[in-house]
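Asker: This is a predicted model, with the sequence first.
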Amino acid sequence: MDTLNNMRIFTRVVDAGGFTAAARQLNATTAQVSRAVSDLETHLRTRLLNRTTRRLAVTEAGQRYLQRCAHILAIVDEAEAEAADANVVASGTLRIHAMTSFGQRYLIPAIARYREAHPAVAVELTLSQRIPDLIDEGYDTAVALSGGLPDSGMISQRLGSVYSVLCASPGYLRAHGTPSTPEALAGHPCLQLQGPFFPLDRWTFEPLPDGGAGPACSIDVSMSSFRVNVAEALDQAIREGMGIGMLPSYAALDGLRDGSLVRLFAHYRLQRFEIHALYSSRQYIDAKIRTWVDFLSARLPLAMGEDDAVLAEIARR
């Protein structure tokens, strides 16, 4: 028995003053309406209505039950309206996961602008060097970096791509010299960014299309002298003169701009990463998730494009 539906029919019968009038309002037959109320009385083992051929009267138990029904149905209607609004109005808490350095560089400014447009949305941002299980860990969406399309059952929205650059400190290069070719890195300590998206044993050099570089090549760095899993920590190690390291371009930008880092082999790019927004389903997507992914799709490529332009300008100096 559909108790909730029968409660609705019972209240409609009382409001309409009879079974036939309620049936017309509900686009049902009088027999169906009468059966629903009878089923409800059988379920409750209580008479709710006294019926005669000319009139209908609510019993004392029926009056008490009617008040409870009105309260329960109002709560259900409110819950349904609130759930339906979730697909229309961005509100509630948006739980986002992102890679540490990338999130600090791009997502926090994006979140600030997003909340200006959607102040009813609170944001919980978690930063770590992995791709989480959105459903098991309770995230609404994640921004993931990978060598290609993430291998998951999630819906994936491509946001763009970033690449890595090879850097050293000015002090290190003065003391140890500047390698003239990628192959010359064999004579230098190579510092590695360790993680699920970064190759541990090889650096692959991809020549830029504008020319000026040699052919693509790969260098073995399996004997790395230092490994760390966060770009900011590797950035600091390079600045300290520990050796030469590969940094994501967004993590290297500030150091290259202020001169505390020097980019090596500027006609090459290393390790390209595809960036995707991940979420669990296209169907009935919550408005806060939809508006966030749409906002990020519009804003993030612009922000990364601005950084690419700065890197290109630095390389030309």
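Answerer: Cool, got the structure.
Asker: which stretches of the stretch 1-150 of the chain form strands?
Answerer: 49-51, 56-58, 92-98, 121-127, 141-146 (DSSP state E, counting those that start in this stretch).
Asker: hmm, who's touching the first one?
Answerer: When contacts are defined by CB atoms under 8 Å, 6 or more residues apart in numbering, strand 49-51 is touched by residues Val13, Val14, Val37, Glu41, Leu56, Ala57, Val58, Thr59, Gly62. Just so you know, the C-beta spots here come from the backbone N, C-alpha and C atoms, and that holds for glycine as well.
Asker: Of these, which is the nearest to Glu240?
Answerer: Distance to Glu240, by CB to CB, is smallest for Val14 among the contacts of strand 49-51, at 80.0 Å.
Asker: which SS state does Met303 fall under?
Answerer: Heads up, residue 303 is Ala, not Met. helix (DSSP: H, G, I helix; E, B strand; the rest coil).
Asker: neighbours of it, just the number please.
Answerer: 17 (other CB atoms under 10 Å).
Asker: who's in contact with it?
Answerer: Tyr106, Pro109, Ala110.
Asker: Check the gap between the nearest residue to the second one once chain neighbours are set aside and Arg55 for me.
Answerer: Translated: Pro109. Using CB to CB, 6 or more residues apart in numbering and skipping residues adjacent in sequence, the residue nearest Pro109 is Ala303, 7.2 Å away. Computed as CB to CB, to the nearest Å, the Ala303 to Arg55 distance reads 72 Å.
Asker: ok, Gly195 - contacts?
Answerer: Gly195 makes contact with Gln129, Arg130, Asn229, according to CB under 8 Å, 6+ apart.
Asker: gap between the second one and Gln271?
Answerer: I take that to be Arg130. Note on Arg130: its distance to Gln271, by CB to CB, is 17 Å.
Asker: Looking at the two, which one has more neighbours?
Answerer: Gln271 (22 against 14).
Asker: part of a helix, is the more buried one?
Answerer: No. Assessed by three-state DSSP, Gln271 does not belong to a helix; its assignment is strand.
Asker: Which pLDDT does the model give it?
Answerer: We have a pLDDT of 84 for Gln271.
Asker: Wait, it touches Trp203, no?
Answerer: Yes. Under the criterion of CB atoms under 8 Å, Gln271 makes contact with Trp203 at 7.4 Å.
Asker: Break this structure down into its structural domains.
Answerer: If you go by automatic domain parsing, the domain ranges for the chain are 3-85, 92-147+282-306, 162-273+309-316.
Asker: ok, of those domains, where does mean pLDDT dip lowest?
Answerer: Ranked on mean pLDDT, the bottom entry among the domains of the chain is domain 3-85, at a mean of 84.
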